[in-house]
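> predicted model, plus sequence, below.
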Amino acid sequence: MKKSRFTRLPGAIAVSALFALPVNVFGQNGLLFDGDFESGTFQGWTPGGENGGFATVAAKGSCFSGNDTTAISFNGNPTSNYSALLRSNAAGETGSVASLRSQPFEAGNGIIFSALSETASADPRDHPVDLVVKIINSSGDVVSEQPYRTAIVQLAAGCPSEPRDTAFSGHFIDTHHLAGEQISIEFNQNTRNQGQGYFTLIDDVIYIDSSSFLLSTSQPRAVAGTGITTSGTFFLDPRASTDPDDAPIELNYSWFINGENSIRELDVPCVNLNSDFQLGAGNHIATLYVNDGFSYAADTIRFVVPESTSTSTDSSDDDTTDDGADDDTTNTNTTTTSDAGAVTLTDPLNECDINLDVVEVDNSDDDGDINDNSDNGGSGANDGSGTDTNSAATIVVTGNPTFTIGGDPVLLVSNADITDSDVGDSVQSVTITISNAQAGDALALDSVPAGITSSPSSDGSSLTLSSDSGGGTAGEFESAIESVTFNYLVPSGDTAVTTERSVTFRVNDGTVTGAPTTLTITVNGG
């Protein structure tokens, strides 16, 4: 696995650097008109909007939001001073749409652009805005309309307040089927959260002519998970994330944990690294960001850091009967603390930035304590000196879901059964994932049972069910699983995919994550 060493969230690499493209060249590879907006005004572009939505040019280092935007380095380019900015009206109405349309040009093989959208760190959203790119022909007709998910920066309220930076994501618009025709492209943006007029920055709009190669357009899929190493170290695990074509670069990962101001830059970060990364006991939310060099995806997971139990020796003489004997027969006092089992690692890279391809997860616990994952055998093996109580929960699901394109969503499961031999009825979370998800697939809860929180991934291909209290009953989660639905809305311009979908279910009991159970969805054409 490639180790990421980014100093900020990974978006796409700067596409102008990738192709070493000349600047301000039209009719061959290069910026589309003033596609880097470095003139500080729109040249070759027409801003517009509906219901007060607008487009303008934003200057680096300035405050162009109610949140702190002063640290955003436009597409990571030190010489870049401007980006196009699209956002809803001042009231942040969802029906307020900003637009930015290019002048007509002769279509080549495609267009590349970079983008970054805003969300508030006090109420972070992994899908804060809708960004749609339209291709318009010489008659003014919309010939294609495609939504795009951009990289997201979580900004602190007030400007200036707490500067934060995040890399832009890169995106490709395929126009090879229109090569030689006169077209325009139009960016349209609106907030998805009423009252929050989040912006989107557009930069480095690059033209790829008809003689150049076509770029891969596959989207990576982010799947956030957790794991425990052989030494009992709890870490955030991105290994289930996939990229259909493994191009143009190997997947890179970063994490953002709510309540922390810094991005965790390791592939598999330990939850408690050092004084800079210490989580207290309780419920936490982490967002995984993956990037394949052009496209960006995110997934959110909830996890619980349990309180730890420490034992101290009491050497005092508790002779309460004045008989000369110490009445404290155990000489120990057990106290529950809230240090979350935190450890200070002298070399966190060696402990946490590990090659998980060769590290086995040790779920044995022969000291009889399911909370600390320690092995009192001394050699690291289960020597039988205690009871191995740290077994994984199992889940059995039954159902024969068949979805018809154009029809209503269907329930995935008719019956779910969760069992765990060591922690009884307690369940921390259940993750449901479509392993071969197609664009337009979506998992959702038909109804949300009391005490259960539903956290869908940004692309709808996975769903994490969590207990509001940090430890729900198996029955509560079984009811929630039996309420999960599947839907497939074919994206505009795409061909419907009737391939069977494979869905996996995994249960975490607060200590370990069990083996996956798989169910298949039949998809019929409408």
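Arrived safely, thanks for sending.
> now the helices for this structure?
15-19, 348-352, 474-481 (DSSP state H).
> quick one: contacts of the longest one?
Meaning helix 474-481. With contacts defined as Cβ atoms under 8 Å, 6 or more residues apart in numbering, helix 474-481 is touched by 395, 397, 412-413, 416-420, 425-427, 430, 432, 445, 448-452, 454, 465, 467, 505, 507. Every residue, glycine included, has its C-beta placed from N, CA and C.
> quick one, which of those residues are buried?
Neighbour-count burial within the contacts of helix 474-481 applies to 395, 397, 412-413, 416, 418, 420, 426-427, 430, 432, 445, 449, 452, 454, 465, 467, 505, 507; the criterion is 16 or more other Cβ atoms under 10 Å.
> out of these, list just those in strands.
Those of the buried ones among the contacts of helix 474-481 mapping onto strands are 395, 397, 416, 418, 426-427, 430, 432, 445, 452, 454, 465, 467, 505, 507, per DSSP state E.
> so among those, where is pLDDT lowest?
Scanning those for pLDDT, the smallest score is found at residue 426, 76.
> which pair in the ones in strands among the buried ones among the contacts of helix 474-481 spans the largest distance?
Farthest pair in these (Cβ to Cβ) is 426 and 445. Separation: 21.0 Å.
> and the protein, what are its domain boundaries?
Listed domain ranges for the chain are 15-208, 308-337, 392-526 (source: automatic domain parsing).
> right, and those domains - which one's nearest residue 237?
Nearest to residue 237, of all the domains of the chain, is domain 392-526, at 9.0 Å by Cβ to Cβ.
> what residues are up against residue 62?
By Cβ under 8 Å, 6+ apart, the contact set of residue 62 is 69-70.
> typo on my end, it should be residue 522
By Cβ under 8 Å, 6+ apart, the contact set of residue 522 is 400-403, 500.
> how does it look with 7 Å?
402, 500 (Cβ atoms under 7 Å, 6 or more residues apart in numbering).
> per-residue pLDDT, it?
As predicted, residue 522 sits at a pLDDT of 92.
> distance check, it against residue 56.
In this view, residue 522 and residue 56 are 49 Å apart by Cβ to Cβ, to the nearest Å.
> do residue 393 as well
Remark: distance between residue 393 and residue 56 (Cβ to Cβ) = 53 Å.
> those two: which has the busier surroundings?
Ranked by neighbour count (other Cβ atoms under 10 Å), residue 393 and residue 56 place residue 393 first, with 26 against 16.
> hang on, the more buried one packs against residue 426?
No: Residue 393 is beyond contact range of residue 426, at 9.0 Å (criterion: Cβ atoms under 7 Å).
> list residues touching both of those two?
Residues within reach of residue 393 and of residue 426 at once, by Cβ under 7 Å, 6+ apart, are residue 509.
> what's the end-to-end length of stretch 55-68?
Distance between the two ends of stretch 55-68: 19 Å, counting by Cα to Cα, to the nearest Å.
> give me the buried positions along that stretch.
Buried residues in stretch 55-68, counted by 16+ other Cβ under 10 Å: 55-58, 60, 64-68.
> number of residues surrounding residue 400?
Residue 400, neighbours per other Cβ under 10 Å, totals 9.
> who touches residue 397 in this structure?
Counted by Cβ under 7 Å, 6+ apart, residue 397 has contacts 413, 416, 481, 505, 517, 519.
> kindly recompute the last result at 8 Å.
Neighbouring residues of residue 397 by Cβ under 8 Å, 6+ apart: 412-413, 415-417, 481, 505, 517, 519.
> need the worst-confidence member of the residues you listed.
If you rank these by pLDDT, residue 517 sits at the bottom with 83.
> and that residue, how far is that from residue 461?
Plainly put, residue 517 is 17 Å away from residue 461 if you go by Cβ to Cβ.
> neighbour-wise, which of these two wins?
Between residue 517 and residue 461, counting by other Cβ under 10 Å, residue 461 is the more crowded of the two (26 against 15).
> next, the closest residue to that one other than its chain neighbours: phi, psi?
In this structure, residue 461 finds its nearest non-sequential neighbour in residue 437, 3.5 Å apart by Cβ to Cβ, 6 or more residues apart in numbering. Dihedral angles of residue 437 (phi, psi; degrees, to the nearest 10) stand at phi -60, psi 140.
> just residue 141 next, same as before
Residue torsions, per degrees, to the nearest 10, at residue 141 are phi -90, psi 140.
> quick check, pLDDT for it.
At residue 141, pLDDT is 94.
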